[in-house]
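> coords please:
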Amino acid sequence: MGIRILTDSACDLPKEIVEKYDIDVIPLMVYLENQEYLDNVNIKPKQLYDEMREGKIPKTAQVPPTKFEGIFKKLAKENQSCIYIAFSSELSGTYQTSELIKGQIKEEYPNFDLDIINTKCASLGFGLVVYKAAKMAKEGKSKDEIIKAINFYSEHMEHIFTVDDLEYLYRGGRVSRGAAFVGSVLKIKPILDVEDGKLIPIEKVRGRKKVFKRMLEIMDERGINLENQTIGINHGDDLKAAKKLKKEIIKRYNPKEIVIGQIGCAVGAHSGPGTLSIYFLNEKY
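All right, here's what the predicted structure looks like:
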């Protein structure tokens, strides 16, 4: 019996990767117009973005403790060795809840072989960590080898992204009302990163065309050995922009693989439609 890889829906991995590598994805909660949904199960990103464009304000919540309890207990009964790779603890309480439930399950099943890792990553940057682990598990690598890779990828993953409308970040408490208003009037686009699990604005650029150019410049400045990497690109319902970015990255670096995904509901509820992101390592593995 191999190592089972578990994660949560904030990883934003494309469906084909999840299925190919038998990754167990636990959905976060999404609330919209007093309705409760499971991220990417009974609400899809396209529906969420359309609702947001109409002015509706979604909210999100961590994976419920009862969900973790059911999954962990089943795996413990099966004597399954597994790794749960978690969304940044700075952006969700999911990691903390999973640790709490693990402790409770181990009281009943003391030999339960579960490791939980706080990636401090988000969206497809988080997803690329999971993808690497799942590929290694499929190859039959040891648990220690997989955990070493998870920790390296988590520590060295760059998240460079921009949002199309600062209003969504304002609603999520990430920028002030004044910054959102001025940004909208002046067409200022922020470039942001995730550092130590937290969302950090790093630059402001005027105009969407210029922001794409600057994102690629930052990739060039920070990326190491890009031609041998798997690069992640994801978008908030703007596949055309993601494909344009992919074309430019291939022209510049010709990486061994590019994964394009849609930003899911758990993350997209806070970043909004039109978000565009690139993910890569800043160190050679």
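> what sits against the residue most central in space within the chain?
For the chain, the residue sitting closest to the mean C-alpha position, by C-alpha atoms, centre = their mean, is residue 123 at 1.4 Å. Residue 123 makes contacts with 10, 11, 12, 159, 161, 234, 263, 264, 267, 277, 279, as judged by C-beta atoms under 8 Å, 6 or more residues apart in numbering. C-beta here means a position set from N, CA and C on the backbone, and glycine is covered the same way.
> out of those, which is nearest to residue 79?
Each of these was scored against residue 79 by C-beta to C-beta, and residue 11 proved nearest at 25.8 Å.
> just give the number of residues close to the closest one.
Using other C-beta atoms under 10 Å, residue 11 has 29 other residues around it.
> any idea how far the residue nearest to it when sequence neighbours are not counted lies from residue 76?
Sequence neighbours aside, residue 127 is the residue nearest to residue 11 in space, at 4.0 Å (criterion: C-beta to C-beta, 6 or more residues apart in numbering). Separation of residue 127 from residue 76 (C-beta to C-beta, to the nearest Å) stands at 26 Å.
> any chance you could map the helices in the stretch 151-285 of the chain?
With DSSP state H, counting those that start in this stretch as the criterion, the stretch 151-285 of the chain has helices at 166-171, 177-186, 208-222, 239-253, 265-271.
> my bad, the stretch 1-150 of the chain
Under DSSP H, counting those that start in this stretch, the stretch 1-150 of the chain gives helices at 15-20, 45-53, 65-77, 94-108, 123-138, 143-156.
> please identify the most buried of the ones you listed.
The highest average neighbour count among the helices of the stretch 1-150 of the chain, using mean count of other C-beta atoms under 10 Å, belongs to helix 123-138 at a mean of 26.
> one step back: dump the contacts of residue 123 into TSV; add distance to residue 112 and pLDDT as well.
Shown next, in TSV, are these (distance: C-beta to C-beta, whole Å; pLDDT from 0 to 100):
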residue	distance to residue 112	pLDDT
10	24	96
11	23	97
12	28	97
159	32	97
161	37	91
234	33	96
263	33	97
264	29	96
267	30	93
277	35	96
279	32	98
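> mind listing what residue 277 touches?
Counted by C-beta under 8 Å, 6+ apart, residue 277 has contacts 123, 124, 125, 159, 160, 161, 162, 232, 233, 234, 235, 263.
> may I see those residues arranged in CSV, with distance to residue 271 as well?
Shown next, in CSV, are these (distance: C-beta to C-beta, whole Å):
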residue, distance to residue 271
123, 8
124, 12
125, 13
159, 11
160, 13
161, 8
162, 9
232, 15
233, 14
234, 10
235, 10
263, 6
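> just those now: which is nearest residue 40?
Nearest to residue 40 among those, with distances taken as C-beta to C-beta, is residue 263, at 10.7 Å.
> before we move on, the earlier item: out of the contacts of residue 277, grab the one that's most surrounded.
Ranked by the number of neighbours (other C-beta under 10 Å), these place residue 124 first, at 33 neighbours.
> if I look at that residue, how far off is residue 160?
On the measure of C-beta to C-beta, residue 124 and residue 160 end up 11 Å apart.
> tell me the residues that contact both of these two, please.
Here residue 124 and residue 160 have 277, 279 as joint contacts, going by C-beta under 8 Å, 6+ apart.
> could you list the domains of the chain?
4-27+61-155, 157-281 (automatic domain parsing).
> quick one: end-to-end distance for the shortest one.
Meaning domain 4-27+61-155. 22 Å (C-alpha to C-alpha, to the nearest Å).
> that domain: how far from the chain's middle?
Distance, stretch centre to chain centre, for domain 4-27+61-155: 13 Å (C-alpha atoms, centre = their mean, to the nearest Å).
> least trustworthy helix or strand in this protein by mean pLDDT?
Sorted by mean pLDDT, DSSP states H and E, the helices and strands of the chain end with helix 177-186, the least confident at a mean of 44.
> ok so, going back, what sits against the residue nearest to residue 11?
Shown in contact with residue 127 (C-beta under 8 Å, 6+ apart): 11, 12, 13, 17, 232, 259, 261, 279.
> one more: residue 53?
residue 273.
> just use 535 as the starting number from now, easier for me
Got it, first residue is 535 now, which makes that one residue 587.
> could you measure from it over to residue 770?
Distance of residue 587 to residue 770, computed by C-beta to C-beta: 11 Å.
> now the common contact residues for the two.
Jointly contacting residue 587 and residue 770 under the rule C-beta under 8 Å, 6+ apart are residue 807.
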